[in-house]
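Colleague: what follows is a predicted protein model with its sequence.
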Amino acid sequence: MKLVAVAAGLSTPSSTRLLADRLAEAARSELADQGHDVEIQVIELRELAVAIANNLVTGFPPRQLATAIDAVTRADGLIAVTPVFTASYSGLFKSFFDLIDPDALPGKPVLVAATGGTARHSLVLEHALRPLFTYLRAVVVPTAVYAASEDWGSGGDKYVEGLPARIRRAGREMAALMATRPAGATSQDDDTSFERRLSDLRFD
Amino acid sequence: MQFGIFTVGDVSTDPTTGRTPSEHERIKAMVTIALKAEEVGLDVFATGEHHNPPFVPSSPTTMLGYIAARTERLILSTATTLITTNDPVKIAEDYAMLQHLADGRVDLMLGRGNTGPVYPWFGQDIRMGIPLAVENYALLRRLWREDVVDWEGRFRTPLQGFTSTPRPLDGVPPFVWHGSIRSPEIAEQAAYYGDGFFANNIFWPKDHFQRLIAHYRERYSHYGHGTPEQAVVGLGGQVFMRENSQDAVREFRPYFDNAPVYGHGPSLEEFMDETPLTVGSPQQVIDRTMTFREHFGDYQRQLFLMDHAGLPLKTVLEQLDILGEQVVPVLRAEFAKGRPSDVPDAPTHASLIAAASSANGVTAA
C-alpha cells in the first residue's frame, strides 16, 4: 500500500513535517499489525513552491510537481498537514490542492492535520480542511489532529488526550479506512464513442 | 508538408520600449506579416478569432479576403474559428464566400475559444462547449454538402428548406481542421469525420499532445479513413531566432518574461525545456522541429507563432526572412526523407476536387 503525506511547513526542520511523519508512522504500524506492507512517501511543498506558482501561471505542472501530483492521485491514503496561517490553511497548501484534478480523490481516505503556535486555532481543521476534502469527495477520517507548540511538551489531562494518543487514534482510523478500501480503486472515465455522443444530441 | 504561421492578433506593449501599437497599426501589421509569409515561401497564414481586447481579429474572413486579393499562392486559414459561439450558418456562408474570392486557397480550423465570457456574450452556455462544437459542426457539414437543408437541433433556430449561399467552390467544401489544447472529444470529432487535427503544441509539454494525437490517429483508423499514419495532423510551434543563439535569448527574454499566458512564471530556460518553445539559432530551430516527427509521427502542417507579446513588426519580418530562407527549405528536405509514400499531404482545394471526382468515377463505374 502507498501512503502519501503532504506537508506544507516552511521552516527546516518543521513541526508540520514532524506531525506528518508521526501520523504516517501511526497509520503504517497499525496496518503492519494487520499484515499490510505500507510504503510511505512524504511530499514537502516547500520544495515545490516555485513549481506550484509556475503551474498556476502556465497551466501545466513542471516535472517534479507532476510527479508529486501523480503520487497524491495514486496513493491508497493521503495525510495532509498544514501550518495555520491567518486563520486558515496556508496559501501554498491551498495552491497545491488547487492543482489536483477535482475528480482525482473521490473515496480516497484522507487524514487532515494542522500545526500552530496556539491551540486557539484548532477548529481550522473542521471549518477549513475538512470542507476542502469533502468538496474533493475524499473520505476524511473522523479524528483530525491539531498540534499547537505547547502540545509537543505536554501530556493529556482529565479532559483531553495528549498529542501521542490523538496521533495513534487518527492513525488507527486511517488504517481502518485504507484496509477496507479495494486496492487500486480509482475513478476512470469511460471512453464514450463519438457516435454515442452524436446520438445523445438527437441529430436528424 | 505545409509550413506557415499563425497569429493570435494580440495588441501588446513592447516591454523593451513601453510602446503599444494602435489597433489600426496591429491590423495592418497582421496583413503585412501575411504578405511576407507568401514572399518568403511559406504555405499557410492562419489568423485567430477573438472578441475581446487586447485582440483585434474579430472578423477573420474580412481580413483573409483582403489578403487573398493581394496574394497568389498562400493558403488562408484560421486558428481558430469559434464553432461554439458563431452561427454555423454564418460560418458556412462566410467561408464559402472567401473560398470563391480566394480561388479555393482556404481551409479553416475550428476551436472552442479561450475566453469564458464569449459564450454568454453570444448567447451561449459555456457548460455546453463540447455539445455546441459537435452539433454546430454537424450542421455546418450539411450546409456545405446538401443544397437544401432541413434541420432541427438543440442550439439554434430550426431550418426548413434552407440553402446556404454561395455553394462551396467547385462543390468542394473547405478542408476542416479541429484544434484542441485539452479535449479528447475534439480529437474524437476530427477522427470521426476524417478531418484534420491540430495540436496547439505551444503552452504545454509534448507528452500531453502526444496523448491527444495518438488518440486521434487511432480513432481515425477506427472510423475507416485510413491507417493511423495517414491521419492528417497539424502542429503549432513557437520560435525566435538569431544567427547567434545567445543573441536570440538576450533579445527574446523580455518578451517572454512579460508575455500574456506564460509571462511572469517560469524562466525562459525552464519553458524551453518543458515545452516546444525554441529560442536560438536557425539550426537549433531546425533540430527541435525535426524532433516533432519523432514524437508525433509524419505530419502534414507545421505552423509557427511569430508575432506576439509586443514584438515589433520589423523584428517579426526579420524572423520570417530567417524562417523562409534558412529554416523551412531545410525542414522541407529533411521531412521528405524517409516519409512513407502512403502518408498523404495536407488536403488542398485541388486535391479535394481530384478526390471527389475519383470517388464519383468509382461510383459511376
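Modeller: Cool, the structure landed.

Colleague: all contacts plus neighbour counts: C-alpha atoms, from now on.
Modeller: OK.

Colleague: ramachandran coordinates for the nearest residue to residue B:255 once chain neighbours are set aside?
Modeller: The shortest distance from residue B:255 to any non-neighbouring residue, by CA to CA, 6 or more residues apart in numbering or on different chains, is to residue B:309 (5.8 Å). According to degrees, to the nearest 10, the main-chain angles of residue B:309 amount to phi 60, psi 20.

Colleague: and residue B:309, what pLDDT?
Modeller: On the pLDDT scale, residue B:309 is placed at 93.

Colleague: what's the answer for residue A:181, then?
Modeller: If you check residue A:181, the pLDDT there is 85.

Colleague: and what of the one 5 residues further on?
Modeller: Residue A:186 carries a pLDDT score of 52 in this model.

Colleague: quick one on the thing from earlier: was I right about the residue nearest to residue B:255 contacting residue B:262?
Modeller: No: judged on CA atoms under 8 Å, residue B:309 makes no contact with residue B:262 at a distance of 10.4 Å.

Colleague: those two - which one has more neighbours?
Modeller: residue B:309 (24 against 20; other CA atoms under 10 Å in any protein chain shown).

Colleague: so who does that one touch?
Modeller: Taking CA atoms under 8 Å, 6 or more residues apart in numbering or on different chains, we find residue B:309 in contact with B:10, B:11, B:12, B:13, B:14, B:255, B:256, B:258, B:259, B:260.

Colleague: next one: residue B:271
Modeller: Contacts of residue B:271 (CA under 8 Å, 6+ apart): residue B:277.

Colleague: what is the mean pLDDT for the host helix or strand of it?
Modeller: Using DSSP states H and E, residue B:271 sits in helix B:268-274. Helix B:268-274 carries an average pLDDT of 93.

Colleague: and the residue nearest to residue B:103 when sequence neighbours are not counted, what pLDDT?
Modeller: In this structure, residue B:103 finds its nearest non-sequential neighbour in residue B:169, 7.7 Å apart by CA to CA, 6+ apart. If you check residue B:169, the pLDDT there is 98.

Colleague: now for residue B:169, how many residues are close by?
Modeller: Around residue B:169 there are 20 residues (other CA under 10 Å).

Colleague: would you say residue B:303 is within a strand?
Modeller: Yes: checked against DSSP: H, G, I helix; E, B strand; the rest coil, residue B:303 lies within a strand.

Colleague: that one contacts residue B:1, correct?
Modeller: No: in this structure, residue B:303 is not within contact of residue B:1 by CA under 8 Å, at 10.9 Å.

Colleague: look at the two and report which has more neighbours.
Modeller: residue B:303 (25 against 17).

Colleague: contact partners for the more buried one?
Modeller: Counting by CA under 8 Å, 6+ apart, residue B:303 touches B:3, B:4, B:5, B:6, B:44, B:234, B:235, B:236, B:237.

Colleague: can you tell me how far residue B:150 sits from residue B:168?
Modeller: According to CA to CA, to the nearest Å, residue B:150 and residue B:168 sit 18 Å apart.

Colleague: neighbour count: those two, which is higher?
Modeller: Each of residue B:150 and residue B:168 has its neighbours counted (other CA under 10 Å); residue B:168 has more, 22 against 15.

Colleague: nearest residue to the middle of the chain?
Modeller: You didn't say which chain, so I picked chain A. Note on chain A: the residue nearest the mean C-alpha position is residue A:80, at 2.9 Å, using CA atoms, centre = their mean.

Colleague: hmm, no, I was thinking of chain B.
Modeller: So for chain B, CA atoms, centre = their mean, it's residue B:79, sitting 3.9 Å from the centre.

Colleague: could you give the bridge partners of the residue nearest to the centre of chain A?
Modeller: Here residue A:80 shows beta-bridge partners residue A:6, residue A:112, assigned using DSSP bridges.

Colleague: close to chain A: what parts of the stretch 201-350 of chain B are there?
Modeller: Contact residues (CA under 8 Å from any CA of the partner chain) of the stretch 201-350 of chain B with chain A: B:203, B:204, B:205, B:261, B:262, B:263, B:264, B:265, B:266, B:274.

Colleague: could you export those residues as CSV, including secondary structure?
Modeller: Output for those, formatted as CSV (three-state DSSP):
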residue, secondary structure
B:203, coil
B:204, coil
B:205, coil
B:261, coil
B:262, coil
B:263, coil
B:264, coil
B:265, coil
B:266, coil
B:274, helix
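
Colleague: then the helix-or-strand element of chain B with minimal mean pLDDT to PDB, C-alphas only?
Modeller: Lowest by mean pLDDT, DSSP states H and E among the helices and strands of chain B is helix B:349-364, with a mean of 84. This file holds the C-alpha atoms of helix B:349-364, laid out as PDB (Å, rounded to 0.1, in the frame of the first residue of the first chain):
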ATOM      1  CA  HIS B 349      -8.700  22.500 -52.900                       C
ATOM      2  CA  ALA B 350      -7.100  20.800 -55.900                       C
ATOM      3  CA  SER B 351      -6.600  17.500 -54.100                       C
ATOM      4  CA  LEU B 352     -10.100  17.600 -52.700                       C
ATOM      5  CA  ILE B 353     -11.500  18.100 -56.200                       C
ATOM      6  CA  ALA B 354      -9.400  15.200 -57.500                       C
ATOM      7  CA  ALA B 355     -10.600  13.000 -54.700                       C
ATOM      8  CA  ALA B 356     -14.200  13.900 -55.200                       C
ATOM      9  CA  SER B 357     -14.100  13.200 -59.000                       C
ATOM     10  CA  SER B 358     -12.300   9.900 -58.500                       C
ATOM     11  CA  ALA B 359     -14.900   8.900 -55.900                       C
ATOM     12  CA  ASN B 360     -17.600   9.800 -58.400                       C
ATOM     13  CA  GLY B 361     -15.800   7.800 -61.100                       C
ATOM     14  CA  VAL B 362     -15.800   4.700 -58.800                       C
ATOM     15  CA  THR B 363     -19.500   5.100 -58.100                       C
ATOM     16  CA  ALA B 364     -20.300   5.500 -61.800                       C
END
